[in-house]
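Trainee: The following block contains a protein sequence and its predicted model.
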Amino acid sequence: MLIKVFGSAVFGVEATTITVEVDVNKGIGYHLVGLPDNAIKESNYRIAAALQNNSYKIPGKKITINMAPADLRKEGSAYDLTLAMGILAASNQINVKRSIESYIIMGELSLDGSLQPITGALPIAIKAREEGFTGFILPHQNAKEAAIVNDLEVYGVSNISEVIGFFEETETLSPVVINTREEFYKNLNFPEFDFADVKGQESIKRCMEIAAAGGHNIILIGPPGSGKTMLAKRLPSILPPMTLHEALETTKIHSVVGKVRETGLLNNRPFRAPHHTISDVALVGGGTYPQPGEISLSHNGVLFLDELPEFKRSVLEVMRQPLEDREVTISRARFTVTYPSSFMLVASMNPSPGGYFNDPDAPVSSSPAEMQRYLGKISGPLLDRIDIHIEVTPVPFEKLSCTEKAESSVAIRERVMTAREIQTQRFEELPNIHYNAQMNTKQIRAFCALDDASLDLLKNAMQRLNLSARAYDRILKVARTIADLDASELVLGHHISEAIQYRSLDRDGWLG
């Protein structure tokens, strides 16, 4: 007897429906075709034990299973439940009263028939709804994640016996129901880190506010203990809350690597801080079977690279294209996947191997030559893609011992959100542009027009600092954001002046 059941495969952040055709006929043998990997080939042992322990069995006949489309490689153990239900239905061991072809069935089987969680439940659920399936049966650990998708019945199960009872109509399963919008806004938690905890560093907080308002990349240069990491960790607290669309997009990426499950919809912007020993594949994504990297996991959030010169040069260089295009494409011989990677880069670094500026009173002093050599580990093209460079100086004792609370993240966030609203209105007719950092050259010319005095000021700075054309665009973008924070329609001279100050690494003699 021939039976069709349906599963799903995830490539990139999109799912593809897999038709599992099970034919049980006269003869002997178990034949599994359709480019399965080793985990799927081994599934017959798990399925046999799970069925045996639940009073069923793999029939002693010829079983042929085809996973279509046959030219698409399938991987992972999530097809165990799909195959097991196909075998039971095709061998008439269960009396299927409910249409098994109307459901996507996924789950990894333990030997006792219980189910282990899977990855990629959210993109699978989205695809199931698109293709008109009635419901999605999966392990209960993933049910909350998949139930984000409306107009699809999602059933979380803990054992294969529950699935059998559901299709025989001897057991009733209740679909998991989540009001996505209500859940999203109810759990919009404020991050635990607050700028009110940061003593002093008012100028750096101003830079952080500008970076958050325009979505600009920023690098902090300063000695140990000056507060670089502390400031970076608090940046998400002043970013505008994610929209529902951004939350779904971000959750989808985290679902692919199995980082969602019980939490359901992500509602706080991601903050990723990989160690400097990370490989280029782990950062941008890839592998034999490509998975999202850190830059994609920080999509719609912040990627923090602490001690930037300590990262391998090859790792930093692979970020250049994603920083510009806001997506990363991974190509293999048989397929290509694209992951979104629209993130804010926050980097920090010491100015020298010893950690201090060229200061004779510093505990470990470095010569200007050593400092230049240390900074030379970071390529010019990468620095060009970072809009704001700012020096962080140590906080004096008077500021540290001050008991007065600094301005809170809530107050800063209000100003940031006001500036973002101005940008939303400005770019409402441009579908892929949401804030100033995303502007291309054409939009910069349209929205960052300068008067003659401002143009002369920028011209002098370009000539004296020997800035590149990309740096010119970055200054205009930052100046546009500063003008938005001032609620100014025009980019004025003092906006340009402040933006030029935030190109520390472009200035000759900045080391003193």
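Mentor: Yep, it's here.
Trainee: Apart from its chain neighbours, what residue comes closest to residue 433?
Mentor: Spatially, and ignoring its direct neighbours in sequence, residue 433 is nearest to residue 427 (4.3 Å; Cβ to Cβ, 6 or more residues apart in numbering). Backbone N, C-alpha and C define where each C-beta goes, glycine included.
Trainee: I'd say that neighbour and residue 440 touch.
Mentor: No - with contact defined as Cβ atoms under 8 Å, residue 427 and residue 440 do not form a contacting pair (11.4 Å).
Trainee: These two: which is more packed in?
Mentor: For residue 427 versus residue 440, neighbours defined as other Cβ atoms under 10 Å are more numerous around residue 427 (18 against 12).
Trainee: The more buried one and residue 470, how far apart?
Mentor: Distance of residue 427 to residue 470, computed by Cβ to Cβ, to the nearest Å: 21 Å.
Trainee: most centrally placed residue in this structure?
Mentor: The geometric centre of the chain, computed from its C-alpha atoms, lies nearest to residue 297 (Cα atoms, centre = their mean), at 2.5 Å.
Trainee: Would you map the helices across the stretch 401-512 of the chain?
Mentor: With DSSP state H, counting those that start in this stretch as the criterion, the stretch 401-512 of the chain has helices at 409-426, 441-447, 452-465, 469-485, 493-501.
Trainee: any chance of these in JSON lines, plus mean neighbour count and mean pLDDT?
Mentor: Written out in JSON lines, the entries for those read as follows (neighbours: other Cβ atoms under 10 Å; pLDDT from 0 to 100):
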{"stretch": "helix 409-426", "mean neighbour count": "18", "mean pLDDT": "93"}
{"stretch": "helix 441-447", "mean neighbour count": "13", "mean pLDDT": "89"}
{"stretch": "helix 452-465", "mean neighbour count": "14", "mean pLDDT": "87"}
{"stretch": "helix 469-485", "mean neighbour count": "23", "mean pLDDT": "90"}
{"stretch": "helix 493-501", "mean neighbour count": "20", "mean pLDDT": "91"}
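Trainee: Would you reformat these as a markdown table and include distance to residue 347?
Mentor: Putting the helices of the stretch 401-512 of the chain into a markdown table (distance: least, Cβ to Cβ, whole Å) gives the following:
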| stretch | distance to residue 347 |
| --- | --- |
| helix 409-426 | 20 |
| helix 441-447 | 23 |
| helix 452-465 | 20 |
| helix 469-485 | 15 |
| helix 493-501 | 18 |
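Trainee: Show me the one of the ones you listed that comes nearest residue 268.
Mentor: Each of the helices of the stretch 401-512 of the chain was checked against residue 268 via Cβ to Cβ, and the shortest separation belongs to helix 409-426, namely 12.9 Å.
Trainee: Output the contacting helices and strands for that closest one.
Mentor: Judged by 3 or more Cβ pairs under 8 Å, 6 or more residues apart in numbering; DSSP states H and E, the packing partners of helix 409-426 are helix 202-214, helix 469-485.
Trainee: Distance to residue 154 for those helices - can I get that in TSV?
Mentor: Listed next are the helices and strands packed on helix 409-426 as TSV, based on distance: least, Cβ to Cβ, whole Å:
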stretch	distance to residue 154
helix 202-214	36
helix 469-485	42
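Trainee: Look up how far residue 148 lies from the residue nearest to the centre of the chain.
Mentor: Using Cβ to Cβ, we find residue 297 at a distance of 18 Å from residue 148.
Trainee: next one: residue 218
Mentor: Residue 218 is 32 Å from residue 148, where distance means Cβ to Cβ.
Trainee: ditto for residue 225
Mentor: Between residue 225 and residue 148 the distance is 43 Å, computed by Cβ to Cβ.
Trainee: Settle it for me: which of these two has more neighbours?
Mentor: The residue with more neighbours, out of residue 225 and residue 148, is residue 148; 26 against 11, by other Cβ under 10 Å.
Trainee: Next up, identify which helix or strand that one is on.
Mentor: No secondary structure element spans residue 148, as it lies outside all helices and strands (assigned by DSSP states H and E).
Trainee: Let me know whether it touches residue 180 as I believe.
Mentor: Yes - look at residue 148 against residue 180 with Cβ under 8 Å: they come within range, at 5.4 Å.
Trainee: can you list residues touching both of those two?
Mentor: Between them, residue 148 and residue 180 share these contacting residues under Cβ atoms under 8 Å, 6 or more residues apart in numbering: residue 265.
Trainee: So which bits of the strand ranked longest in the chain are buried?
Mentor: Longest strand in the chain, counting residues (DSSP state E): strand 14-25. When neighbours are counted by 16 or more other Cβ atoms under 10 Å, the buried residues of strand 14-25 are found to be 14-15, 17-18, 20-24.
Trainee: quick one: strands adjacent to it?
Mentor: Strands that pair with strand 14-25, judged by DSSP bridges, come out as strand 2-11 (antiparallel), strand 62-68 (antiparallel).
Trainee: which residues of the stretch 101-250 of the chain fall in helices?
Mentor: The residue ranges that make up the helices of the stretch 101-250 of the chain, judged by DSSP H, counting those that start in this stretch, are 121-130, 143-146, 160-168, 180-186, 202-214, 228-233, 244-256.
Trainee: immediately after the longest strand of the chain, which helix or strand?
Mentor: Once the chain leaves strand 14-25, the next helix or strand it forms, by DSSP H and E, is strand 29-33.
Trainee: tell me what that following strand is packed against?
Mentor: Packed against strand 29-33, as judged by 3+ Cβ pairs under 8 Å, 6+ apart, are the following elements: helix 43-52, strand 62-68.
Trainee: For it, buried residues please.
Mentor: Going through strand 29-33 with 16+ other Cβ under 10 Å, the ones that come out buried are residue 32.
Trainee: and the gap between the closest residue to residue 95 other than its chain neighbours and residue 241?
Mentor: With Cβ to Cβ, 6+ apart as the criterion, residue 95 has its nearest non-adjacent residue at 5.4 Å, and that residue is residue 168. Using Cβ to Cβ, we find residue 168 at a distance of 46 Å from residue 241.
Trainee: go on, residue 2?
Mentor: Note on residue 2: its distance to residue 241, by Cβ to Cβ, is 51 Å.
Trainee: which of these two has more neighbours?
Mentor: For residue 2 against residue 241, the residue with the higher neighbour count under other Cβ under 10 Å is residue 241, and the figures read 16 against 11.
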